[in-house]
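1. the following block contains a protein sequence and its predicted model.
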Amino acid sequence: MKKNKKPKKVIIEKASEMPPMPASLGSMRVNKTASWRSIKPIINIEKCTSCMICWKYCPEPAILPTNPPEIDYDFCKGCGICIVECPFDAIGSEKEGK
Amino acid sequence: MVEIRFHGRGGQGAVKGSDILAIAAFKEGKEVQSFPFFGVERRGAPVTAYTRISNEEIRIHSYIYEPDILVVLDSTLIGAVPITEGLKQNGIVIINTEKKPEDFSFPDVSEPHIFTVDCSAIAVKYKLGSKAAPIVNTTILGAVAKVTGLVKLQSIIEAIREKIPFKKEENVLAAKESYEKLNLQE
Amino acid sequence: MKRVLTGNFAAAYGASAARVHVIAAYPITPQTTIVEILSEIVANGELKADFVKVESEHSAISACIGAQAAGARTFTATSAQGLALMHEMLHWAARGRLPIVMTNVNRAMAPGWSIWADVTDSVAQRDTGWMQVYCENNQEVFDTILMSYKVSENKDVLLPTLINLDAFFLSHTSQVVDMYNQETIDQFLPEYHPEIKLDVENPRSFGALTSPEYYYEFSYKMHQSQEKAKSVIKQVGNEFKQLFGKKYDLIETYKCDDADLIMVDYGTIAGTAKESVDRMRQKGLKVGNLKIRYLRPFPKENIRKVLSNTKAVGVIDRAISFGQEGPFFTELKSAMYGLDIPLFGFIAGLGGRDVSIMNIESMVAYMQNNDPKDLIWIGVKK
């Protein structure tokens, strides 16, 4: 994903300042959802074949299309789909500490 | 009608705590209402829950803005979130903390009565939740019963047995211990 | 037997107590618990019914239509987007004269994506021919399900009922509910035996091509049934009182007889409003409250009678008809036509925003200090 100039966090409170429909201006880049995680997926590079199935299935996207794929822990919410879908059982997990 | 507001973090059981208190009062023949603040909830995020207890039908369907009693499951919320907003004059504040009542001051509130119990330590003792994240809701309800006299400890115990699916007796013992440990001298 | 139940539990147990035969429902927040409980009690045998797993709300209502047409008492539940998805079939259920009872948890329509309380979803279905009733508390949810089957199945009515409860403020709020005992409920609500149904022994065609020669008369008959329903609702409400002690009608008045100012509302706001009335009366203000239970059939005559002697009326709408005004306000105006009473139309609580006693007191203060206005947006941040 191209990284354009860094988006600023803007707080809007009044109807007159809001756009006509709820359309956030790039909040997906600013709103780091890492804190949502209870479970942290971890890719085991030894077993990983770079088949990219985890990247395809990740709903976020919180897996970067690198070789081998990397989990973007700023945004990974810990849904666990990559763990389930990896055909090589190359993704393990650990509990997210407090 | 008495209005009680619970403040905790996601995972500490504030919502279930508000329900258990309601059921305890119901067992004593009261009219009750309990519900959480309806927002987005996440582990660790602040959670607010409400309980109303009355002898008459409760008709209000709105959040509690002027509570009589505050139950604080996580003292780190104090200062971070406007916990005491609207607390009635001489309102009661029950805090889960190792500190003493003298260690707390709420300048915006008119003469609150502050009570403290180390519920986290008790919950950890009975293995409720984890050491890092103990579930203190049942524990603090023992203190609520003692301080407020709104419900008998026995009603809280029966409500716990009804509402808590696992470790029922450990939760009961935790509530009993905080009831005993709570010092009514402020 | 009294228990502490959330609105969703009350709805599920109400359907169970009504001894429904077929349930077809699709989960959607904040209704999901209703579906979960019903599937549980069907699975464990507590409720002897068929639970049809469907893949969407459109299929849910369609399955109910099929089953109801075959002579089964059916139930479904949904909310907002789900109700909207059913829209085409809502017309079908009503014009097909099928007494289905559906619980709708009033939730805001998207976008913005909102799971919170807003009544625009059910208001948008006003014209489908369904009867519509709005509940103030969980006891009313339970009671209304039982009464609605009796009203809908009445041979002079034969129209489906949509029972509405506010998202979270009722669906996820625990209150004391008396579930009575099953024997008395069975006495109140007899078995469902329709005269006309899908029957291989007596085959008929249903809903076939209807030319201009006849369609108009079917519409006329359907409207007559909505009108007749007004007296059936009253009658069933009285029967309910005799067996269970609580009286229900098309509307509910609270301290209106000597009121200078009457607030009109529906759903949970009505409960908060009654509490507000008492607090304002303590301060010397002669306020009353009129709770509208039925939006369809709209109890014009009852409303006009209650309001004709007061000095000001304020309607609190938790919905908006874009390009006009609050929907219940418009309906009420039609009941007040010709009467020279100042009317105020408040909009409040859209998208789950709380409507507190302070909000209601501010509305009364507004009415005392301003000329009548059709659209007053309470609490909007401009």
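-> Alright, I've got the coordinates. Residues are numbered from 1 along each chain as shown, chains lettered A, B, ... in the order given.
2. please report the distance of B:Asn171 from chain A.
-> The gap separating B:Asn171 from chain A is 22 Å, by Cβ to the nearest Cβ, to the nearest Å. Every residue, glycine included, has its C-beta placed from N, CA and C.
3. quick one, phi psi at residue 58?
-> You didn't say which chain, so I picked chain A. Per-residue torsions, A:Cys58: phi -60, psi 120 (degrees, to the nearest 10).
4. list the contacts of it.
-> By Cβ atoms under 8 Å, 6 or more residues apart in numbering or on different chains, the contact list for A:Cys58 reads A:81-82.
5. try it again at 6 Å.
-> Contact analysis of A:Cys58 by Cβ atoms under 6 Å, 6 or more residues apart in numbering or on different chains lists A:Cys82.
6. and it, how close does it get to C:Trp113?
-> For A:Cys58, the distance to C:Trp113 equals 21 Å [Cβ to Cβ, to the nearest Å].
7. what score does the closest residue to C:Asp249 other than its chain neighbours have for pLDDT?
-> When the adjacent residues along the chain are set aside, C:Asp249 lies closest to C:Gly237, with 5.2 Å between them (Cβ to Cβ, 6 or more residues apart in numbering or on different chains). In this model, C:Gly237 is scored at 98, pLDDT.
8. can you give the distance of the host helix or strand of C:Gly237 from its chain's centre?
-> Element membership of C:Gly237 [criterion: DSSP states H and E] is helix C:212-244. Centroid separation for helix C:212-244 versus its chain: 15 Å, with Cα atoms, centre = their mean, to the nearest Å.
9. one more: stretch B:175-186?
-> 13 Å.
10. next one: stretch A:13-27
-> On Cα atoms, centre = their mean, the centre of stretch A:13-27 falls 24 Å from that of its chain.
11. what about stretch B:129-149, start to end distance?
-> With Cα to Cα, to the nearest Å as the measure, the first residue of stretch B:129-149 is 27 Å from its last.
12. how about the residues of chain B by chain C?
-> Contact residues, chain B versus chain C (Cβ under 6 Å from any Cβ of the partner chain): B:19, B:22-23, B:26, B:31, B:33-35, B:38, B:59-63.
13. what is the nearest of those to chain A?
-> B:Phe38 (18.5 Å; Cβ to the nearest Cβ).
14. quick one on the thing from earlier: what pairs with the following helix or strand past the helix holding C:Gly237, parallel or antiparallel?
-> Using DSSP H and E, the next helix or strand after helix C:212-244 towards the C-terminus is strand C:251-254. With DSSP bridges as the test, strand C:251-254 is paired with strand C:287-292 (antiparallel).
15. which residue ranges of chain A form strands?
-> For chain A, the strands defined by DSSP state E occupy A:39-43, A:63-64, A:70-71, A:91-95.
16. identify the residues contacting the second one?
-> Think strand A:63-64. By Cβ under 6 Å, 6+ apart, strand A:63-64 touches A:54-55, A:69-72.
17. if we go to 8 Å?
-> By Cβ under 8 Å, 6+ apart, the list of residues contacting strand A:63-64 reads A:54-55, A:69-72, A:76, A:82.
18. can you check the last one too?
-> Defining contact as Cβ under 8 Å, 6+ apart, one finds that strand A:91-95 is touched by A:38-44, A:54, A:80, A:82-83.
19. turn those into CSV, including pLDDT, distance to C:Arg126 and neighbour count.
-> Output for these, formatted as CSV (pLDDT from 0 to 100; distance: Cβ to Cβ, whole Å; neighbours: other Cβ atoms under 10 Å in any protein chain shown):
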residue, pLDDT, distance to C:Arg126, neighbour count
A:Ser38, 83, 44, 13
A:Ile39, 90, 46, 14
A:Lys40, 94, 50, 16
A:Pro41, 96, 49, 23
A:Ile42, 96, 54, 13
A:Ile43, 97, 54, 19
A:Asn44, 96, 58, 13
A:Cys54, 97, 49, 26
A:Gly80, 94, 44, 13
A:Cys82, 96, 47, 24
A:Ile83, 96, 48, 18
